[in-house]
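In: Build me a model:
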Amino acid sequence: MKQVPEEAYKGLKGLLAAAILTHIDPATGTNPCFQALGYSQGDRLQEQGLGPLPAAAEAAEEVLCSATVHVPELVAAGLDVQVGDMSWLEGESHAEMYERAGFLATEDGGINVLAGSTLGGGTKINWTASLRTPEHVRREWAAAPHNLEALGPDSKAFSASLDAVCSRLGVSTGTEMSGPNARLLQGLEALGAHGEELPRNCLSKKCSAYCNFGCRSGHKQSSDVTWLVDAVRMGAHVLTGMEAQRVLLEANDSTGVSMGSYSRAAAGWSEGGYGAMVSVPAAHPGLLGAICPDSSPGALKKMMLDLRDGSGCVIFTRDSGSGSVGVDGAGRPVIRYWLDKTTEKHLFDGIELAVRALAAAGACRILLPNNCLNWDVRFDPEAAPEARAATLEAFIAQLRRRGVYPKYGLQLLSAHQMGSCRMGSSPRSSAVDASGQCWQVAGLYVADASLFPTPSGVNPMITVYGLAHMVASGIAQRWKAAKKAKEAAAKQ
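Out: Below is the predicted model:
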């Protein structure tokens, strides 16, 4: 029998597991696996959102934008703004809220790419983690070769934008810790490693755990319930299901297109911040089934049932390598990327920290998501501490030796895509200038995560908001000044 290629096996297994474990039977309104898994499914109630929206009207000047935070600033300045995309049903969340229903991947299938594709973008499916741009990242962006003093630690404008964003989103701490988050903090404390509560943009102190489906309760302050509500009240028009494909230029004018707990003990913040952070994921049956290692259908079933009593960790690396994004004949993105050796080392630094923290918290078994190898370790509950420590060290040494091999074994995901239209001080090394304006097209601005000169190393949501707020404020100021000058000239 011909052996199935590893990339084909990985894709097929993930697709089947996700399909089986996320399907909702129309007749019963549930999935027969949920009860066995001890999983409490979300409801289909409509969330708190924008409500009835005004009909679109013709306007002399329009700005079509993909980022949402900058809409209120533009509307307040007097521009007519149109925005796109929205879906609410949890049962359709992956199909409606994610690019390619959550199955977007790099060209070779090595890394799955989770990207928001809904009204509110990534803020709608973000896990509420709300970390400001670290100071070491701002210093890096202000230094050569980026030379973006507008984003540096001394930039009052960018700091003011971050402050405004955090205030509007109600970023705060004081969350009631879930079991997995509490156990991660317990393990980190036992190790003497850094661990603290994540600041969140949520009005509730108890997370519904449905953040990656939008928000079951409506308490998460994503842009569709904050900035877009502000914009609608100011008169903005919201259009859904739209896609900006071309920028039209006429005469001299242009139309612009515009988690609970964590640890940075392995993030290398004192050495520039290229490292790994450890946190707790929002875990649901479909994703867990797709990434769980398995040696047989029976083993996968038992593993899924055992997860009722488990805790998970997720590792975020600030990668030092790079990739590329092209377009195929149908106009769809083609993503090429794989980890460089430095990023691979940082990934395993984070994995080691997570493994040690879980072991210190009393785990009896630890496993990593690998389709091709059995990456797990069991601890004898009767073993002496010295024997348990020896088992742990042997397992960690084994992980280090194997690395990310084979390529389609270890399950890798990209949840924070950034830097494909980077901001900079020169058209030779960047796509837009410090104001967010395209070097090649006057009046065309970018205001999303593609502006990042380098990865942020932390959940990028607040940085994206801050950049968009700063870009929009600049657009509004320049537009007001131009309008004032035009009116003055007309009076002469």
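
In: For the rest of this, base every contact and every neighbour count on C-alpha atoms.
Out: Fine.

In: Can you pull out the low-pLDDT segments for the protein?
Out: For the chain, applying pLDDT under 70 flags the ranges 1-11, 41-92, 216, 239-242, 247-260, 294-296, 371-374, 405-406, 408.

In: ok, which stretches of it are helices?
Out: 6-22, 32-37, 71-76, 93-97, 122-125, 135-142, 156-169, 179-191, 227-234, 285-291, 297-306, 341-360, 385-402, 461-491 (DSSP state H).

In: The longest one to helix 156-169, inter-axis angle?
Out: Going back to what we said before, that points to helix 461-491. 110 degrees (axes from the mean of the first three to the mean of the last three C-alpha atoms, to 10 degrees).

In: List the buried residues for helix 461-491?
Out: For helix 461-491, a neighbour-count test (16 or more other C-alpha atoms under 10 Å) marks 461-476, 479 as buried.

In: same thing with stretch 185-199?
Out: Within stretch 185-199, the residues that count as buried by 16+ other C-alpha under 10 Å are 185-189, 193, 195-199.

In: ok, the residues you listed vs Val171, which is closest?
Out: Pro199 (6.2 Å; C-alpha to C-alpha).

In: residues in contact with the closest one?
Out: By C-alpha atoms under 8 Å, 6 or more residues apart in numbering, Pro199 lies in contact with 129-131, 171-173, 260.

In: ok, 6 Å please
Out: 130, 172-173 (C-alpha atoms under 6 Å, 6 or more residues apart in numbering).

In: Which of the residues you listed has the largest number of neighbours?
Out: Within these, neighbour counts (other C-alpha atoms under 10 Å) peak at Ser130, which reaches 25 neighbours.

In: wait, isn't it in contact with Leu198?
Out: No: checked against C-alpha atoms under 6 Å, the pair Ser130 and Leu198 is beyond contact range at 7.2 Å.

In: picking that back up, can you put the buried residues of stretch 185-199 in CSV and add distance to Val334?
Out: Below are the buried residues of stretch 185-199 laid out as CSV (distance: C-alpha to C-alpha, whole Å):
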residue, distance to Val334
Leu185, 39
Gln186, 42
Gly187, 40
Leu188, 39
Glu189, 43
Ala193, 39
Gly195, 37
Glu196, 38
Glu197, 37
Leu198, 34
Pro199, 34
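
In: and the two most separated of these?
Out: Most distant of the buried residues of stretch 185-199, by C-alpha to C-alpha, are Gly187 and Pro199, 20.0 Å apart.

In: Now do Ala209 against Met97, distance only.
Out: 17 Å (C-alpha to C-alpha, to the nearest Å).

In: out of these two, which sits in the busier spot?
Out: In this view Ala209 and Met97 are compared by other C-alpha under 10 Å, and Met97 has more residues nearby, 29 against 18.

In: residues contacting that one?
Out: 116-118.

In: Among the residues you listed, which one lies nearest to Trp338?
Out: Gly116 (21.1 Å).

In: burial measure for the closest one, as a count.
Out: So Gly116, with other C-alpha under 10 Å, has 24 neighbours.

In: Which residues does it form beta bridges with?
Out: Beta bridges link Gly116 to Tyr98, judged by DSSP bridges.

In: residues contacting it?
Out: Contacts of Gly116 by C-alpha under 6 Å, 6+ apart are 97-98, 122.
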